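Undergrad: Below are the sequence and a predicted model; questions follow.
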Amino acid sequence: MKHILPLLFGLLPGLLLAYPLDGYDYTGIGRLEGYRLAQEGKVRARRLHPGALLPLEKVDIRLRQHRDLTLPEVDPEFQRQILRLLGNNAKRYSIAVLDLTDPDHPVYAEHRGNVRFNPGSVGKLVVATGIFNELKRAFGDDRELREAVLRSTEVTADRFIQVDTHKVPFWHPQQMRLEHRRIRVGDRATLWEWLDWMLSPSSNAAASTVMKQLMLLGKFGKGYPGLEDEARDYFAKTPPAETAADLRRVLDRAVTDNGLTLEELRQGGFFTREGKRRVPTGGSRATVRGLMKYLLRLEQGKIVDEWSSREIKRLLYMTQKRIRYASSPALKHAAVYFKSGSLYKCRPEPGFTCGKYRGNKLNLLNSVAIIESPAGKEKRLYYFVVVSSNVLKVNAAVAHQSLATFIERLMRKRHPEVFEKQ
């Protein structure tokens, strides 16, 4: 470690603590530069919604002055309004909505809040939290060193990425080109970029790569990074039962160190088949109440610390293609901080054709979102949504998109003053 420190500090930029599209110089996340140039018409890539274009200083945690706030009691009228949106399928939903537009007077609705479900890719929040948690445990309050580890540690993809179908963006600055493809064995990127790939396009290959680094951080502490030989030996020679225990330890303390319980949020193990084979663990679960507590603590700066909370929130800022709940046209001008996860299964049924998000045996879709609408305005709606649904044989992605529209409309009715003269 002593040989790598001068290099790490030499690469630290003297910039801000943030990075949406103008954060490339700080994080080194290549796709940020590619997408930024695309908005200027200099690169061929997707043009983003207005709500995805906030600059660095506008993306921050919002409840540092309300650190004592806890989830309030359910408001009966707000509860009725939310349940009305679910209609006849209410028993197939678990949902929590926290209206913080006036943070001094929060209003809360919750339906089936403690019902457990498999979080799917929403569990990647636990993995990201684990990285920041272990960085804090290893390097303490030295924020610059923690930044340097994220910015300068290069990680190479190996067989743990197999098998994954998600595509991620690769930025080629010499050709001024963005390429979207699956991650391959041998691809190299910084730890910060792997985190972005895990959360933005929700790559399972990236998640498994990050989980390997999480295990190494937990195992070697201050000796991380620069451990290629040690890492190879650790995964090659350590018995599976021991590596499984190491993974379980860092994943569980990502939850318990940060004010939640394993009954309300737990990530079971790897997201790829090879990862599960090499490090056999399982047992993922979540509740909408647990995830809502996570979002609240994130905005208060209580997930690890303020710097970590801010960086996790910025990793959740939707500056790529919006999907599922986040794709609602009603949120076009909103800043959306978002993660989702789906699990669907089908069985033979006459007259029914199975499809993505349309399982007839299981059709689970989970969404967590922080909404600031309109983005960047002093007067804005500010609310959190956590929803899990299992409505069989419908397109769950469309259902969540529609629900997002309905909730945004409800919030506008509750706070008509927000959109006056805007």
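TA: Structure received.
Undergrad: Show me the strands in the stretch 201-350 of the chain, by range?
TA: Counting by DSSP state E, counting those that start in this stretch, the segments of the stretch 201-350 of the chain that form strands are 265-266, 285-286, 335-345.
Undergrad: Check which element follows the last one along the chain.
TA: The helix or strand immediately downstream of strand 335-345 is strand 362-373, counting by DSSP states H and E.
Undergrad: Please, where are all the strands along the stretch 51-200 of the chain?
TA: Defined through DSSP E, counting those that start in this stretch, the strands belonging to the stretch 51-200 of the chain, from first to last, are 93-99, 107-111, 154-156, 167-172, 177-182, 188-190.
Undergrad: quick one: contacts of the second one?
TA: Identification of contacts with strand 107-111 by Cβ atoms under 8 Å, 6 or more residues apart in numbering yields 71-75, 78-79, 81-83, 86, 90, 93-99, 288-289, 292. All C-beta atoms are positioned from the backbone trio N, CA, C, and that covers glycine.
Undergrad: Repeat that for the first one.
TA: Applying Cβ under 8 Å, 6+ apart, the contact partners of strand 93-99 are 71, 78, 82, 86, 106-113, 115, 117, 287-289, 291-292, 295-296, 382-389, 391, 407, 411, 414.
Undergrad: who does that strand pair up with?
TA: Its sheet considered, strand 93-99 pairs with strand 107-111 (antiparallel), strand 381-390 (antiparallel) by DSSP bridges.
Undergrad: what is the orientation angle of that strand with strand 362-373?
TA: The directions of strand 93-99 and strand 362-373 differ by 10 degrees, with axes from the mean of the first three to the mean of the last three Cα atoms, to 10 degrees as the criterion.
Undergrad: Just the CA atoms of strand 93-99, as PDB, please.
TA: Taking C-alpha atoms only, strand 93-99 is exported to PDB below (Å, rounded to 0.1, in the frame of the first residue of the first chain):
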ATOM      1  CA  TYR A  93     -48.600  -4.700  -4.000                       C
ATOM      2  CA  SER A  94     -46.400  -3.600  -1.100                       C
ATOM      3  CA  ILE A  95     -45.800   0.200  -1.100                       C
ATOM      4  CA  ALA A  96     -44.500   3.000   1.000                       C
ATOM      5  CA  VAL A  97     -44.600   6.700   0.000                       C
ATOM      6  CA  LEU A  98     -43.000   9.500   2.100                       C
ATOM      7  CA  ASP A  99     -43.900  13.100   1.200                       C
END
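Undergrad: Please name the nearest non-neighbouring residue to residue 187.
TA: Distances taken as Cβ to Cβ, 6 or more residues apart in numbering place residue 157 nearest to residue 187, at 4.5 Å, with adjacent residues excluded.
Undergrad: Then residue 406?
TA: Sequence neighbours aside, residue 85 is the residue nearest to residue 406 in space, at 4.6 Å (criterion: Cβ to Cβ, 6+ apart).
Undergrad: residues in contact with that neighbour?
TA: 403, 406-407, 410.
Undergrad: try it again with 7 Å
TA: Residue 85 sits next to 403, 406-407 when contact means Cβ atoms under 7 Å, 6 or more residues apart in numbering.
Undergrad: May I see the residues you listed arranged in CSV, with neighbour count as well?
TA: Output for those, formatted as CSV (neighbours: other Cβ atoms under 10 Å):
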residue, neighbour count
403, 22
406, 17
407, 27
